[in-house]
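J.: coords please:
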Amino acid sequence: MRRISLAVVSCLLAGGVATSAWADDFMNECLITGSQRLCECMSSKIPADKRAAAVQGMKKSNAATQPGGNLLDPATLSQEQMQGLDAVVIAQASCM
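T.: Next up, the predicted model:
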């Protein structure tokens with residue numbers, strides 16, 4: 001019984017660390033172009049299953065906005081990254 005409890009606690013802690021890392025990655029990318037308040041709101045609205053793709057899509061989008069960057073070509077995004085960016089746009093619209 002004790003082994004099962006330790007295994008469950010370990011899984012929950014690992015999941016919490018992964019969620020925290022996603023939140024940090026999301027916030028890091030979002031804060032490049034957004035305010036703290038907006039990014040916190042958006043972060044709370046991104047579905048967990050779209051979060052990693054949203055971060056990757058935002059990285060590409062942010063790179064495109066930097067000096068010397070090229071316009072973001074949707075053809076360079078995977079389907080998952082496109083869905084992640086869609087989730088970002090929806091979250092942003094609901095937070096404005």
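J.: for the host helix or strand of Gly57, which positions count as buried?
T.: Assignment of secondary structure by DSSP states H and E places Gly57 within helix 48-65. In terms of neighbour count (16 or more other Cβ atoms under 10 Å), helix 48-65 has its buried residues at 50-58, 60-62. Any C-beta I mention is one placed from the backbone N, CA and C, and that applies to glycine too.
J.: what's the weakest-modelled helix or strand in this protein?
T.: Every helix and strand in the chain was compared by mean pLDDT, DSSP states H and E; the lowest is helix 2-30, with a mean of 53.
J.: That helix: what's the following helix or strand?
T.: Later in the chain than helix 2-30, the nearest helix or strand by DSSP H and E is helix 36-45.
J.: Report the angle between that next one and helix 48-65.
T.: Taking axes from the mean of the first three to the mean of the last three Cα atoms, to 10 degrees, one finds helix 36-45 and helix 48-65 inclined to each other by 140 degrees.
J.: show me the contacts for Leu81.
T.: Careful, residue 81 is Gln; it's not Leu. Gln81 sits next to 53, 56-57, 60 when contact means Cβ atoms under 8 Å, 6 or more residues apart in numbering.
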